[in-house]
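Peer 1: Build me a structure from this.
(one chain, ligands or ions: 1)
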Amino acid sequence: LRRNLGETEFHQAVREVLETLGPVLAKRPELVDARIIERICEPERQLIFRVPWADDTGDIHVNRGFRVEFSSALGPYKGGLRFHPSVNLGIVKFLGFEQVFKNALTGMPIGGGKGGSDFDPKNRSDAEIMRFCQSFMTELHRHLGEYTDVPAGDIGVGGREIGYLFGQYKRITNRYESGVLTGKGVGWGGAQARTEATGYGCVLFTAEMLRSRGEDLDGRRVAVSGSGNVAIYAIEKAQQLGARVVSCSDSDGYVVDEKGIDLALLKEIKETGRGRVADYAARRGGDARFVSGSGVWTVPCEVALPCATQNELTAEDAATLVRGGVKAVAEGANMPTTPEAVRVLQEAGVAFAPGKAANAGGVATSALEMQQNASRDSWSFAHTEDRLAEIMRHIHASCHDTAERYGAPGNYVVGANIAGFELVAEAMLAQGLI
Ligand code: NDP
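Peer 2: Below is the predicted model of the structure:
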């Protein structure tokens, strides 16, 4: 704790994992002797750098860039870049730490890392975004490579930003190294279904979790938070499986649409126009209404999918959801549910899927993109989606079975943490003291 002063979210993420590892450490004293816990909590490398750029009026801005290369036990560092004014070292480290276990759970050969900047892309022109991305990559490129470190998107970093970042990497290195970034455009090395993968995967995991309790998603009332990449494709897959999604949100407020979210309209507003959910309510008309503030979890539902940001679902929200009859909560975002809220849900018997399992479909499909790039191949949407579905079933089974094996049946937090930890710890033991 003393070494990582003030890194609140990092402490929270580490505590959540360590609290569940007791049974495996008791069974495997060699992991304690090898100091796996101390080593796994310390990133292999942390980079912090200056990102200077000029806006459209010529004014100069200086942002801070981060890349935390957390663990290469299972493969090259892999994890997204986040551009949001709240980004600091503690947030990047929490995300990187989670990523290590999540990537292990996918069963793919990828290590864990995360990065980003406190740059705020909101209300910036395309030209400003491009100049920022070019300046960011001018420093970051020396640390990347398809065998070293492979970033992707996260909050504030989508297809447009990945394009500008890739262009600058290519220009500086004079190499068309497709596998150095994932989330690329489908016409130039990107994988079909990568854009959809995190949201789709979250809903597929939810369906598996319900199935293991003899239930399904068909006809269920679903509340979603967020309206970005993860939220939009969670809504799409939930609707495909017969659910009625009645909410979405952004940092200004939330929309309640009892008829079910009109996804074509939401996509047009968010993906084409970069608009707000308030615009959705105004254009949708009828009963759809916009409510300002952070009350999306007051919308009663049977399934809740938090897909916006960390710590957005509190104990009070969890209690409200339980009173409203929620049966399942699956984290599309990273650590959106506070530890107190997780406790409230679990004690009420709600099926709860932690992000490192439920949202792993995005990074798994990034690993599929790396496979296609390495073999200079490109797969169909259907083939990639089938692989994603198979991976989500595998993650569900491994979390479910591990929880049972360690005496906590139905506890996906325990299952995900121990299953991910065992894979990383085995590799660390085998690779010696590095
Ligand atoms: P986007 O930038 O596409 O969307 C983020 C959404 O969350 C927006 O609607 C945004 O609203 C909202 N949001 C962000 N911060 C806040 C806040 N402080 N309060 C309320 N709403 C907020 O990001 P993604 O959809 O890609 O990411 C969402 C979450 O999913 C993150 O936790 C991310 O780490 C996680 N994730 C993403 C993956 C991916 O493949 N993209 C993979 C795995 C996890 P506004 O526009 O107002 O900021």
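Peer 1: Please enumerate the helices of the stretch 251-400 of the chain.
Peer 2: Ranges of helices within the stretch 251-400 of the chain are 263-267, 277-284, 315-323, 339-347, 355-358, 361-374, 381-405, based on DSSP state H, counting those that start in this stretch.
Peer 1: between the last one and helix 361-374, how many degrees?
Peer 2: To tie it back to what came earlier, the one meant is helix 381-405. 130 degrees (axes from the mean of the first three to the mean of the last three CA atoms, to 10 degrees).
Peer 1: Mind pulling up the pLDDT for Gly219?
Peer 2: As predicted, Gly219 sits at a pLDDT of 98.
Peer 1: circling back to that earlier point, is it possible to export the helices of the stretch 251-400 of the chain to CSV including distance to Val329, mean neighbour count and mean pLDDT?
Peer 2: (Each C-beta comes from the backbone N, C-alpha and C, glycine too.) Shown next, in CSV, are the helices of the stretch 251-400 of the chain (distance: least, CB to CB, whole Å; neighbours: other CB atoms under 10 Å; pLDDT from 0 to 100):
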stretch, distance to Val329, mean neighbour count, mean pLDDT
helix 263-267, 22, 16, 98
helix 277-284, 21, 19, 97
helix 315-323, 7, 19, 98
helix 339-347, 6, 17, 98
helix 355-358, 9, 30, 98
helix 361-374, 17, 24, 98
helix 381-405, 15, 19, 98
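Peer 1: do you know which of the ones you listed lies nearest the ligand?
Peer 2: Closest approach to the ligand among those is made by helix 361-374 (3.1 Å; CB to the nearest ligand atom).
Peer 1: how about the residues of the protein that lie near the ligand?
Peer 2: Within the chain, the residues that sit near the ligand (CB under 6 Å from any ligand atom) are 153-156, 158, 198, 226-231, 250-252, 307-309, 332-334, 359, 362.
Peer 1: could you redo the last one with a cut-off of 5 Å?
Peer 2: 154-155, 198, 226-230, 250-251, 308-309, 333-334, 359, 362 (CB under 5 Å from any ligand atom).
Peer 1: Per-residue pLDDT of the closest residue to Gln310 other than its chain neighbours, please?
Peer 2: Nearest residue to Gln310 in three dimensions, chain neighbours excluded: Met335, at 4.5 Å (CB to CB, 6 or more residues apart in numbering). Met335 is assigned 98 on the pLDDT scale.
Peer 1: just checking, Met335 touches Gln12?
Peer 2: Yes: counting by CB atoms under 8 Å, Met335 does reach Gln12; the two are 7.0 Å apart.
Peer 1: Spit out the residues that contact those two alike.
Peer 2: Common contacts of Met335 and Gln12 (CB atoms under 8 Å, 6 or more residues apart in numbering): Phe94.
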